[in-house]
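**Q** A predicted structure for the sequence below; I have some questions about it.
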Amino acid sequence: MFEFDKDKFRSRFEDVVTTLYRIRPEDATDEQKYYALSAVVQHYITRKWLETHERFQEEDSRKLYYLSMEFLEGRALGNNLINICQDKRVREFLDEMGISLNTLEDQERDPALGNGGLGRLAACFLDSLATLSYPAYGCGIRYKYGLFRQKIVDGFQVELPDNWLKNGYPFEIRRTEYTCEVKFGGYVETNWDGERNHFVLKNYDSVQAVPYDIPIVGYGNDFVNTLRVWDAEPYESLDLDEFQKGNYNGAREKVNFVNSITDVLYPNDSNRFGKELRLRQQYFFVSASVQTAIKKYMQHHDDIRGIRDKIVFHMNDTHPVLAIPELMRILLDEYGLDWAEAWSLTTSCCAFTNHTIMSEALEKWPRDIMEEMLPRIWQIISEIDRRSKVAIKERYGEDQGKMYGMAVIWDDSVRMANLAITGSYSVNGVAAIHTEILKKEVFRDFYEMTPEKFSNKTNGVTQRRFLLSANPLLAEWITDRIGSGWITDLTQLAGLKHLADDENALKELAAIKKKNKERLAEYIYKNNGILVNTDSIFDVQVKRLHEYKRQLMNILHIMHLYNRLKDEPNLDIVPHTFIFGAKAAPAYSRAKLTIKLINAVADVVNNDAAIAEKLKIVFIEDYCVSNAELIFPAAEISEQISAASKEASGTSNMKFMMNGALTLGTMDGANVEIVEEVGRENAFIFGMSAEEVISHEKAMDYSPGDIIRQDPSIRRMLLQLVNGFYSGDKPELFRDIYQSLVPVNDQDGADRFFILKDFSDYIRAHEEADRRYRNASDWNRASLLNIAGSGRFSSDRTIEDYVRDIWHLKKLNTRQ
Ligand code: 26W
């Protein structure tokens, strides 16, 4: 195993400081030292990266192209040092130079090229693919601005641009030699050559797709895969004619138009929006990725038909689904295959994962936008639609229901999920209950027609980042007890189960949790100016703000508890610190209002001396991957409280579990499988089941009217939303939230996500947690059993499932 040599490391580090900044090392700022250290690490990584790719060629291995609009990677320096197993040595070397590695790591801006679950899952997958030595490429977009930075101003979310590339990103390499052309607009000319039609795009706009490669380092195996993110550049950086005419804006117009394609990540994570630029982003990176994959293949092969054995394109939700018609275009128009052969190749190379059942998230693109922007792609989609309708008719005759259910084009809009399933050999959900809902509800017709395509692949998360790196105290404790095998085989955590009755071990575990709570308390004091009691229960809900995730139910419960405390100041509850972290899509006003409500309640409760510190509420600003790594190790209760059937899987639930927090949640998404692993006695489960929720939705027979009428404490709590209790001289501020819950009549669909229906059971679950927490060894025992039971939720297991059933990749062992 290679090891950094102290002196070599020091001289290289100091050389780089001087080379990059023409200053003496001792004069460098922390940020400059961060860049220099990153360059030293990148220097080492690129050699292994090159070797890995030379092996790819030699082995002619089957490769995965994971197409995703989002990769929420988080900081790279610390993770890369850990994965090349040099973190401890480098920390020592720097210590001797009077430099703190943590301080340098804190200089790095999170590459926040994603919104939430889908983007972070893609990042965990890349870490596992590299650690398991599978040849794979992440394919995405190099957004100049990632997910907005969140500032809380007077309790309200304010969005700030995330100019993460301001001072450059030390782990990317611009690969100009792989630049390719992406065509937009124009029209299709059809030429008959006596035998077949040739489709030629004319009068189109060309955009240069320039790739930037980011190394994805495997843990301890010197295996380095590539995340390739594409940037859009104009062929002409200035329109001289316009310039000569003095039309300076005109001269830059085209340039700006092209550059804007990759300017910014759309900050919506569960509701579509028909913005043309979004479609342009989707086609841009998909076309560049598919073209390059085919070009790379044909450099080492002479028969395009062999791609079925050597290439698999995996589509991370519907956003990259234009890969299907794009591959068809290349096979038909550039390789002259006939439709049947091209289709058979395409459908054997494409696979699709669905991540949500929320109807508002299922993408549909109007014909006019698609046809004008992508005339050839539109033609191919139309032909795919025509042929699939013929097949459906052959199979089911004049069954309009089936036709409507599976049509790719309907009412002049392209249903991207139907295109995905029609054009893929594999379709999977991301947790057992979610996949069952896809089969029985959302994609029922497709499942009936092609059941063999469907499978479940329960999500997972990488323990390298979310345990080894985020929670070094626990990682060391585990390694001391069962060795370090868990780092690449998390199922070995089961070896901790026998400690469940070892009081001494449980005390050590509690001490580690306490230290992590103190670390988070320090962060909260620094950023929020709030002093939290580290002997209180740390009860955490961190995820995107969305009504179906029911952060509103969480804050309503706190309001309800506060009312009880005001009525009975001596109410015997364990001191509680409720911690929230959540970004709301900028256009999602009710989500933003919920953030304001959480902060408004916090202001009142946190400044109420009468309740004697029994309750504290903290809203962590700008929730992202790097502060998440501080939060999971400190948590004791993991709030996973979505209305059952709505959360496809969840992944924060897994990160909390492997850090010893107990799940308080509904039987939704992967919570179901977490409970299967640890038993209901080591979690706090409440609320309706997915079946109950779905049947109420179908019957449209739920209204919270009775619940409100029968429970004065509920009425009191709801009235506080509109009587100024939390909004002072703006009593109407939270009216919209009040109206979303309180029906005008029993048919108006109030309380869409059944908050009031599940409320009393939610209170019961919290009271049970309060009771259990008082018995420290019982709690620590449950905490240990959650850690020990988390093995299944490693993304390594998930990747092995995908490889076994869908991708059929072979490991490529580099180490000689
Ligand atoms: C069109 C706008 C848009 C953007 C992103 C719609 C939908 C999305 C994503 C699919 C939303 C998302 O992140 N889904 C989450 O994916 C996680 C990874 O599988 C799951 O764990 C979460 O349950 C799911 O909400």
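**A** Nice, thanks for sending it over.
**Q** interface residues of the protein facing the ligand?
**A** Residues of the chain lying close to the ligand (C-beta under 6 Å from any ligand atom) are 115-118, 121, 268-270, 272, 317, 355-356, 361, 363, 430, 459, 647-651, 669. For glycine as for every other residue, the C-beta is placed from the backbone atoms N, C-alpha and C.
**Q** Kindly recompute the last result at 8 Å.
**A** 69-70, 115-121, 266, 268-273, 278, 317-319, 353-356, 358, 361, 363, 430-431, 434, 459, 544, 647-651, 669-670 (C-beta under 8 Å from any ligand atom).
**Q** From those, list the buried ones, please.
**A** When the residues of the chain next to the ligand are checked for burial by 16 or more other C-beta atoms under 10 Å, the buried set is 69-70, 115-121, 266, 268-270, 272, 278, 317-319, 353-356, 358, 361, 363, 430-431, 434, 459, 544, 647-651, 669-670.
**Q** Filter these down to the ones in strands?
**A** Taking DSSP state E, the ones among these that sit in strands are Thr353.
**Q** my read is Met315 is in a strand, agree?
**A** Yes - under DSSP: H, G, I helix; E, B strand; the rest coil, Met315 falls within a strand.
**Q** Quick check, it in contact with Glu326.
**A** No - counting by C-beta atoms under 8 Å, no contact exists between Met315 and Glu326, whose distance comes to 11.3 Å.
**Q** Low-confidence stretches in this structure?
**A** 1-3, 270-274, 813-816 (pLDDT under 70).
**Q** how's it carved up into domains?
**A** Using automatic domain parsing, the domain parsing of the chain gives 1-59+86-109, 60-74+110-459+801-807, 480-686+754-787.
**Q** Lys88: how many residues sit nearby?
**A** 12 (other C-beta atoms under 10 Å).
**Q** ok now do the residue of the stretch 101-250 of the chain found nearest the ligand, which residues does it touch?
**A** Per C-beta to the nearest ligand atom, Gly117 is where the stretch 101-250 of the chain lies closest to the ligand, at 2.8 Å. Taking C-beta atoms under 8 Å, 6 or more residues apart in numbering as the contact definition, Gly117 lies against 269, 355, 543-544, 648-651.
**Q** just Asp480 next, same as before
**A** So Asp480 contacts nothing (C-beta under 8 Å, 6+ apart).
**Q** To which secondary structure element is it assigned?
**A** helix 472-482 (DSSP states H and E).
**Q** Which residues belonging to that helix are considered buried?
**A** Neighbour-count burial for helix 472-482 flags 472-475, 477-478, 482 (criterion: 16+ other C-beta under 10 Å).
**Q** do the same with stretch 712-721
**A** Within stretch 712-721, judged by 16+ other C-beta under 10 Å, the buried ones are 714, 717-718, 720-721.
**Q** One more: stretch 59-69?
**A** 61-69.
**Q** Tabulate the CA atom coordinates of the longest strand anywhere in the chain in CSV.
**A** For the chain, the longest strand by residue count, based on DSSP E, is strand 205-217. Presented in CSV, the C-alpha positions along strand 205-217 are these (Å, rounded to 0.1, in the frame of the first residue of the first chain):
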residue,chain,number,x,y,z
ASP,A,205,-27.7,25.6,-33.6
SER,A,206,-24.5,24.0,-32.5
VAL,A,207,-23.3,24.0,-28.9
GLN,A,208,-19.9,22.7,-27.8
ALA,A,209,-20.1,20.2,-25.0
VAL,A,210,-16.9,20.4,-23.0
PRO,A,211,-16.3,17.6,-20.4
TYR,A,212,-14.7,18.1,-17.0
ASP,A,213,-13.6,14.9,-15.3
ILE,A,214,-13.7,14.5,-11.5
PRO,A,215,-12.0,11.4,-10.0
ILE,A,216,-14.2,9.0,-8.0
VAL,A,217,-11.7,7.2,-5.7
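**Q** just to confirm, which helix or strand has the residue of the chain most remote from its centre in it?
**A** What lies farthest from the middle of the chain is Gly194; by C-alpha atoms, centre = their mean that is 50.6 Å. For Gly194, there is no host helix or strand (DSSP H and E).
**Q** Distance of it relative to Ile357?
**A** 50 Å (C-beta to C-beta, to the nearest Å).
**Q** same deal with Phe725?
**A** 36 Å.
**Q** ok, residues contacting stretch 275-284?
**A** 69, 141, 182, 184, 207, 209, 230, 232, 260-262, 266, 319-320, 322, 326, 365, 369-370, 373-374, 377.
**Q** sorry, that was for stretch 389-399
**A** Contacts to stretch 389-399, defined as C-beta under 8 Å, 6+ apart, come from residues 402-403, 406-407, 449.
**Q** Now the buried members of the residues you listed.
**A** For the contacts of stretch 389-399, a burial check counting by 16+ other C-beta under 10 Å picks out 402-403, 406-407, 449.
**Q** Return the subset of those lying in helices.
**A** When DSSP state H is applied, the buried ones among the contacts of stretch 389-399 are split such that 402-403, 406, 449 fall in helices.
**Q** Would you check which pair of those lies furthest apart?
**A** Met403 and Met449 (11.7 Å; C-beta to C-beta).
**Q** Enumerate every residue touching the residue lying closest to Thr262 once chain neighbours are set aside.
**A** In space, and not counting its chain neighbours, Thr262 is closest to Ala232: 4.6 Å by C-beta to C-beta, 6 or more residues apart in numbering. With contact taken as C-beta under 8 Å, 6+ apart, Ala232 is in contact with 182, 207-210, 258-259, 261-262, 284.
**Q** Surely Arg772 and Arg781 touch.
**A** No - in this structure, Arg772 is not within contact of Arg781 by C-beta under 8 Å, at 10.2 Å.
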